[in-house]
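In: Test case, fold it:
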Amino acid sequence: TGEAISQLGDIDSSLFILLKGIASVNRNETVTIGSLKPSSVFGEMSFLDKRPRTTSIVAHDDVVVFEIDQEGLEKLPGKLKAKFKDQFIEILINRLDETNKNLEKAFRY
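Out: Numbering: from 1, shown residues only. Below is the predicted model:
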């Protein structure tokens, strides 16, 4: 509880999946912009593009997190790697769709 899973500004290439618990998404020490529940995926921009982290993810309670980087992904057996990539693409498509809907709402007002 209270421990950072990933930190704003860090540069690494890991992707995370929250398996158990709740975590907060923080823009800085005083601004929380969201929360994550089990099955949430985060860190995808750093995973894909090795960008600095744009938020901190902080455990709200006891959490279990799966972390994988590009090297770890490449070590997975072929079928599992393909399944992981398929699921990852689906997550990114859903995020893009959600972003488009939010932009559409914002421009209506």
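
In: Please name every helix or strand in contact with the helix or strand hosting Leu73.
Out: If you go by DSSP states H and E, Leu73 is part of helix 70-75. Secondary-structure packing of helix 70-75 (3 or more CB pairs under 8 Å, 6 or more residues apart in numbering; DSSP states H and E): helix 78-108. Every C-beta, even on glycine, is put in place using the N, C-alpha and C of the backbone.

In: how does it look with 6 Å?
Out: Helices and strands touching helix 70-75, by 3 or more CB pairs under 6 Å, 6 or more residues apart in numbering; DSSP states H and E: there are none.

In: got the CA positions of that helix in PDB?
Out: The C-alpha trace of helix 70-75 is given here as PDB (Å, rounded to 0.1, in the frame of the first residue of the first chain):
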ATOM      1  CA  GLN A  70      10.400  -6.700 -24.800                       C
ATOM      2  CA  GLU A  71      13.100  -9.200 -23.900                       C
ATOM      3  CA  GLY A  72      10.700 -11.300 -21.800                       C
ATOM      4  CA  LEU A  73       8.100 -11.200 -24.600                       C
ATOM      5  CA  GLU A  74      10.600 -12.600 -27.100                       C
ATOM      6  CA  LYS A  75      11.300 -15.500 -24.700                       C
END
